[in-house]
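[1] Sequence and predicted model, in that order:
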Amino acid sequence: MSEIVYLSLGSNLGDREEYLRLATERLANMMGMTLLAESSVYHSVPVDCDVECPDFLNKVLKMECTLKPVQLLDNTEQLETSLGRTKKGFSTNRVIDIDIILFGDRIFDNERLEIPHPRMSGRHFVLIPLCEIAPDVIDPRNSNRFVDLIEALGDQGVSALKETAGE
């Protein structure tokens with residue numbers, strides 16, 4: 001059985017656009033995954049990072065997935081490592097960061113993974129690209145539309161770098 005998943009990708013080190021491109025390509029070719037749409041690339045100022053943290057490029061992917069949530073997490077972590085990510089955690093710079101933000105309409109929580117992503121509702125760099133490709137998607141925790149949160153959050157320094165969207 002397949003489900004629609006949304007993945008948030010971010011990079012703030014090295015050739016950020018290339019890391020986003022490579023991660024997208026490898027996710028699209030991953031067993032059990034089919035790329036359905038990708039957002040434009042967005043430039044964002046760091047959130048929850050050190051003062052000296054470089055700016056990020058971000059995008060969101062809509063994918064069809066036949067994997068279980070933890071299998072997908074394992075695969076995305078392996079992909080991050082293969083692209084050169086060495087540290088995990090909040091306040092770290094990264095060549096690539098892949099977060100599972102939504103997995104169908106599931107609410108999932110264990111010691112390694114929480115879905116929906118626990119901080120996505122407060123982050124424009126996730127919500128804006130998500131709503132670009134899926135404006136009607138709702139939060140399975142409370143049935144609120146994510147698009148309604150964007151205006152309420154105010155400006156968070158997110159701007160489109162260039163359009164690459166497609167569905």
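    All right, it came through fine.
[2] what sits against Leu130?
    By CB atoms under 8 Å, 6 or more residues apart in numbering, the residues touching Leu130 are 6, 8, 39, 60, 101-102, 120, 137, 146. Heads up, the C-betas are built off the backbone N, CA and C, glycines and all.
[3] Arg21 versus that one, what's the distance?
    19 Å (CB to CB, to the nearest Å).
[4] now do Asn93
    19 Å.
[5] What of Pro69?
    25 Å.
[6] ditto for Tyr42
    With CB to CB as the criterion, Tyr42 and Arg21 are 14 Å apart.
[7] Same question for Ile133.
    From Ile133 to Arg21 the distance is 17 Å (CB to CB).
[8] Please apply the same query to Ile138.
    30 Å.
[9] Also Phe56?
    15 Å.
[10] wait, isn't Cys65 in contact with Phe103?
    Yes: here Cys65 lies in contact with Phe103, judged by CB atoms under 8 Å, at a distance of 7.4 Å.
[11] intersection of neighbour lists for the two?
    In contact with both Cys65 and Phe103: 3, 5, 72, using CB under 8 Å, 6+ apart.
[12] More neighbours: which of Ile133 and Arg21?
    More neighbours surround Ile133 than the other of Ile133 and Arg21, with 20 against 16 (other CB atoms under 10 Å).
[13] how about the more buried one, phi and psi?
    Note on Ile133: its backbone torsions stand at phi -100, psi -10 [degrees, to the nearest 10].
[14] what separates it from Ile101, distance-wise?
    According to CB to CB, Ile133 stands 12 Å off from Ile101.
[15] Quick check: neighbours shared by these two?
    In contact with both Ile133 and Ile101: Val60, using CB under 8 Å, 6+ apart.
[16] how about the strands of the protein, start to end?
    Assigned by DSSP state E, the chain shows strands spanning 3-11, 33-38, 41-44, 56-65, 97-103, 108-109, 114-115, 158-162.
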